[in-house]
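Participant: quick one: sequence and predicted model below, then my questions.
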Amino acid sequence: MLTLIKNANVYAPQHLGTKDILVGGEKILAIEDNIEPHSTFTKIIDAKGKVVTPGFIDQHVHIIGAGGKHGYASMTPEIMLGEFVACGSTTVVGLLGTDGTARSVKTLYAKTKALTDEGMSAYMFTSYFSIDPVTITSNIQDDMVFIDKVIGCKVAISDERSSYPTAHELLKHLREVRVGGQIAGKKGVLHIHLGKMSSQIDILLEIVKKYEFPIENISPTHVGRTKSLFDQSLEFAKLGGMIDITTGGTKYTDPYKSVLYALEQGISIDQLTFSSDGNAGLGKTDETGKVIGFKKAPVNLNYEQFRALVKDGGLPIDQAVKLITSNPAKNLALKQKGTIGVGFDADFCFLDDDLTLTDVIARGKVMMADKEIIVKGNFEH
């Protein structure tokens with residue numbers, strides 16, 4: 001199937017200006033100033049007046065649910081395809097949280113495959129908060145080598161729910177992730193949940209400085225939980241690391257303001273990413289702080305914070321959109337994602353003059369058109 005997108009104002013993420021894009025199947029075949037329509041083209045889409053960006057990437061989302069800190073009834077349900085389409089997320093990375101007992105890493109794999117079958121792109125991190133890994137095979141390295149969707153491993157530090165791992169224990173995980181990735185042709189990252197404890201990321205700085213472990217395999221998230229944590233995370237970024245700002249969880253300020261602050265401190269935009277922590281379990285509290293109910297963390301805040309970064313923060317589109325396109329693709333080494341270029345996957349988001357999301361294409365298929373979701377999950381109808 002050949003699809004021609006005409007008159008698109010392309011941010012690839014670099015601004016290419018008005019271009020025509022030819023899509024064949026799931027791939028981008030050509031990007032030209034003008035591509036004449038042909039009888040062999042199955043669909044022609046006029047994108048005049050629209051900003052067209054790569055599809056958005058969410059590298060931290062609880063696709064099979066999370067929560068459970070307040071009992072079984074506080075566990076969130078799994079997420080459906082249409083919720084991702086509605087906010088332009090064409091690629092997601094699923095993971096477990098606190099719970100690696102009632103939540104199964106095998107179920108996570110099955111959901112990752114299901115979302116892929118339904119039309120988007122999905123990957124996963126193996127294991128969960130604990131330093132004692134929960135894996136599909138017998139160990140982390142084997143998961144990296146033999147499980148197609150596994151691109152890294154999850155663990156937690158500086159959190160009362162973590163296992164209080166030592167540097168040597170984390171280094172063993174990092175070795176398995178890196179070597180397994182080398183064997184499988186993946187980058188391999190240790191995706192590290194950061195809590196609010198005073199230890200912050202001391203152990204990660206030790207691993208990089210004292211043990212000289214390659215920083216590109218270390219992926220800290222929730223860095224904007226507190227101001228002091230964020231400041232220390234900027235030190236990690238200055239060493240060459242990438243840091244992930246959560247848009248939907250606990251944060252000391254609006255995530256887009258954290259980005260602006262990081263830029264003021266001399267951090268490159270290319271070392272920052274957004275992720276939603278979407279579908280995590282959040283408590284509803286009354287005026288005294290007592291938990292009176294539960295809700296799911298939203299999955300749309302990556303898009304909303306990108307929009308705020310442009311409209312309220314004054315950052316150019318070609319810079320702001322990197323946080324949810326090319327930067328997470330680089331962090332995870334998803335070589336066919338995050339860029340509008342020949343040979344890349346045909347994932348696109350269309351935005352109007354107000355940066356309102358209007359259309360979504362994932363793997364060459366129209367998922368949303370004129371703000372209407374066209375493709376939903378099998379159980380959303």
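Facilitator: Thanks, I have it.
Participant: contacts, neighbours, all on C-alpha from now
Facilitator: OK.
Participant: can you list the strands that the lowest-mean-pLDDT helix or strand in the chain pairs with?
Facilitator: Sorting the helices and strands of the chain by mean pLDDT, DSSP states H and E puts strand 281-285 at the bottom, at a mean of 77. Using DSSP bridges, strand 281-285 pairs in its sheet with strand 291-296 (antiparallel).
Participant: got the contact list for the strand it pairs with?
Facilitator: Outside strand 291-296, the residues that touch it by Cα atoms under 8 Å, 6 or more residues apart in numbering are 74, 76, 278, 279, 280, 281, 282, 283, 284, 285, 286.
Participant: in this structure the third one contacts residue 298, no?
Facilitator: Yes. Under the criterion of Cα atoms under 8 Å, residue 278 makes contact with residue 298 at 5.2 Å.
Participant: hmm, back to that, which among the contacts of strand 291-296 count as buried?
Facilitator: Among these, the ones that count as buried by 16 or more other Cα atoms under 10 Å are 74, 76, 278, 279, 280, 281, 282, 283.
Participant: state the pair within those residues that is farthest apart.
Facilitator: Greatest spatial distance in the buried ones among the contacts of strand 291-296: 74 and 278, 15.1 Å, computed using Cα to Cα.
Participant: now residue 9: which helix or strand?
Facilitator: Assigned by DSSP states H and E, residue 9 belongs to strand 2-11.
Participant: right, and the helix or strand after that strand?
Facilitator: Assigned by DSSP H and E, the successor of strand 2-11 is strand 15-24.
Participant: quick check: angle from the helix or strand just after that following strand to strand 15-24?
Facilitator: As assigned by DSSP H and E, the chain's next helix or strand after strand 15-24 is strand 27-32. Using axes from the mean of the first three to the mean of the last three Cα atoms, to 10 degrees, the direction of strand 27-32 lies 130 degrees away from that of strand 15-24.
Participant: and the next helix or strand past strand 27-32?
Facilitator: Using DSSP H and E, the next helix or strand after strand 27-32 towards the C-terminus is strand 43-46.
Participant: partners of that next one, with directions?
Facilitator: Next to strand 43-46 in the sheet, as set by DSSP bridges, lie strand 2-11 (parallel).
Participant: contacting residues around the partner strand?
Facilitator: Strand 2-11 has contacts (Cα under 8 Å, 6+ apart) with 15-25, 34-35, 37, 40-54, 317-318, 340, 364.
Participant: same check, this time on stretch 223-241
Facilitator: 194-196, 200-201, 205, 215-216, 218-219, 242-246, 249-253, 255, 258, 262, 267, 271.
Participant: does residue 344 really touch residue 329, like I thought?
Facilitator: No. Between residue 344 and residue 329 there is no contact under Cα under 8 Å: 11.7 Å.
Participant: neighbour count winner among those two?
Facilitator: A count of neighbours by other Cα atoms under 10 Å puts residue 329 above the other of residue 344 and residue 329, at 23 against 19.
Participant: looking at this, the more buried one is in a helix?
Facilitator: Yes. Per DSSP: H, G, I helix; E, B strand; the rest coil, residue 329 lies within a helix segment.
Participant: where do the helices of the stretch 201-350 of the chain begin and end?
Facilitator: Ranges of helices in the stretch 201-350 of the chain, per DSSP state H, counting those that start in this stretch, are 202-209, 227-238, 255-264, 301-311, 317-320, 326-332.
Participant: could I get the ones you listed as CSV with mean pLDDT and distance to residue 188?
Facilitator: CSV is the format used below for those (pLDDT from 0 to 100; distance: least, Cα to Cα, whole Å):
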stretch, mean pLDDT, distance to residue 188
helix 202-209, 98, 16
helix 227-238, 98, 18
helix 255-264, 98, 25
helix 301-311, 98, 23
helix 317-320, 98, 25
helix 326-332, 98, 7
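Participant: could you say which one of these comes nearest to residue 146?
Facilitator: Closest among those, using Cα to Cα: helix 326-332, at 17.5 Å.
Participant: who's in contact with the least confident helix or strand of the chain?
Facilitator: 65-68, 74-76, 291-297.
Participant: swap in stretch 198-212?
Facilitator: By Cα under 8 Å, 6+ apart, the residues outside stretch 198-212 that reach it are 157-158, 166-167, 171, 194, 213-215, 229, 232-233, 236.
Participant: and the end-to-end length of stretch 338-350?
Facilitator: Taking Cα to Cα, to the nearest Å, stretch 338-350 runs 14 Å from one end to the other.
Participant: show me how far it is from its chain's centre.
Facilitator: With Cα atoms, centre = their mean, to the nearest Å as the basis, stretch 338-350 stands 16 Å off its chain's centre.
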